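> coords please:
(chains A, B, C and D)
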There are 2 protein chains.
Amino acid sequence: MPSSTDTAWVEHALAALQDAGYRRGGARTVVVETLAGHDCAVTALGLDEELRRRKPAVGRASVYRTLDQLEELGLVQRFEASRGIASYERVNPSGHHHHHAICRRCGRMEAFEDRGLERSIARVSDQVAFEVAEHDVVLRGLCERCAS
Amino acid sequence: MPSSTDTAWVEHALAALQDAGYRRGGARTVVVETLAGHDCAVTALGLDEELRRRKPAVGRASVYRTLDQLEELGLVQRFEASRGIASYERVNPSGHHHHHAICRRCGRMEAFEDRGLERSIARVSDQVAFEVAEHDVVLRGLCERCAS
DNA sequence: ATGACTGCAAAGCCTTTGCACGCAA
DNA sequence: TTGCGTGCAAAGGCTTTGCAGTCAT
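Numbers count the residues shown, from 1 in each chain, chains lettered A, B, ... in the order given. Got it, this is the predicted structure:
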């Protein structure tokens, strides 16, 4: 099910980039628009591959550079899906988000959300001597298909 | 505060390795013993550096190979502390464990534990269509020192 | 004696950096 | 016009693999 592009996030992100002093470059805009079309995490290399075969091809360096900038501004969140594989997912300004269960055999990823879990994390974040900006929860094991 | 070595875990791990059909090699044993001396996560490269300057020096490959084997057997848990930095922590057979808050600026790591959080995760693990074997929670932000 | 275990060095992989050219402002 | 943005190729950094010698069993 190819989800529709989150245009609100595109505008939000482009505005934030501009506010941060970045110019409106072509590659950067394409990366933002492409991320907006994914509801769940994408690997950096997967995104690169996807953009490599576009009409005005986007260079790998631009993909990585843009992802870094977006992460720095809190517009996307980075996490490691599998060994050494960086994945990125856009951050919803509303704060609403999900987490992932990842299959250690095939890499399949399932998203889930739980208010109780979020509450627990919020509570713990207050108890720790850190200014917590984000959190990440990953469940690892075998997906239905690999377990059987 | 250099914690004392967890000898119970060493025996547990060595026995599990033997049961899995591994022979009792020198390098492997040293890696296990060294891990037992760390109460919190160690990076693979840090462990390598630590073992490199031992009397019978342990090779880097052996460190990585052993960590893989231990992870496969569920004796240690692997997670990404900072960008592209693999960290390992021994798994207590009792199931008792902690999670981490990591400073995005200096990398400082603080461990914390919370029963409510564990309960939330256990509940969510049951709701997901996965055979969840382990979970990982990371809080990212600024540590007290970097925030001020 | 047999095959696993090791260390070293080389290769792999993902990611980052250097540089010259193009484009936004 | 200025200097940020971009693509390409090269370099980096962590991890894995190939191989020959060594050691456990």
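> where along chain A do the strands fall?
A:42-43, A:76-80, A:86-90, A:99-103, A:109-112, A:130-143 (DSSP state E).
> can you redo those strands as CSV with distance to residue B:137?
Where you see a C-beta, it was placed from the backbone N, CA and C, and this is true even at glycine. Putting the strands of chain A into CSV (distance: least, C-beta to C-beta, whole Å) gives the following:
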stretch, distance to residue B:137
strand A:42-43, 22
strand A:76-80, 12
strand A:86-90, 17
strand A:99-103, 9
strand A:109-112, 14
strand A:130-143, 5
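> In a markdown table: those, plus mean pLDDT, distance to residue B:146 and mean neighbour count.
Below are these laid out as a markdown table (pLDDT from 0 to 100; distance: least, C-beta to C-beta, whole Å; neighbours: other C-beta atoms under 10 Å in any protein chain shown):
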| stretch | mean pLDDT | distance to residue B:146 | mean neighbour count |
| --- | --- | --- | --- |
| strand A:42-43 | 97 | 29 | 19 |
| strand A:76-80 | 97 | 19 | 21 |
| strand A:86-90 | 97 | 23 | 23 |
| strand A:99-103 | 96 | 26 | 22 |
| strand A:109-112 | 96 | 31 | 16 |
| strand A:130-143 | 96 | 8 | 19 |
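> nearest to DNA strand D, of those?
strand A:76-80 (10.3 Å; C-beta to the nearest atom of the strand).
> Now that closest one - C-alpha only, CSV.
What follows is strand A:76-80 as a C-alpha-only set of coordinates in CSV (Å, rounded to 0.1, in the frame of the first residue of the first chain):
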residue,chain,number,x,y,z
VAL,A,76,13.9,13.0,10.8
GLN,A,77,15.1,10.4,13.3
ARG,A,78,17.9,8.0,12.6
PHE,A,79,18.3,4.5,13.9
GLU,A,80,20.1,1.3,13.1
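> between it and strand B:86-90, how many degrees?
With axes from the mean of the first three to the mean of the last three C-alpha atoms, to 10 degrees applied, the angle from strand A:76-80 to strand B:86-90 works out at 60 degrees.
> which residues touch strand A:76-80?
A:35, A:41, A:67, A:70-71, A:86-91, A:97, A:100, A:134, A:136, A:138, B:79-80, B:83 (C-beta atoms under 8 Å, 6 or more residues apart in numbering or on different chains).
> re the thing from before, of all the strands of chain A, which one is nearest residue A:5?
strand A:86-90 (10.8 Å; C-beta to C-beta).
> Which strands border that closest one, and is each parallel or antiparallel?
As defined by DSSP bridges, the strand partners of strand A:86-90 come to strand A:42-43 (antiparallel), strand A:76-80 (antiparallel).
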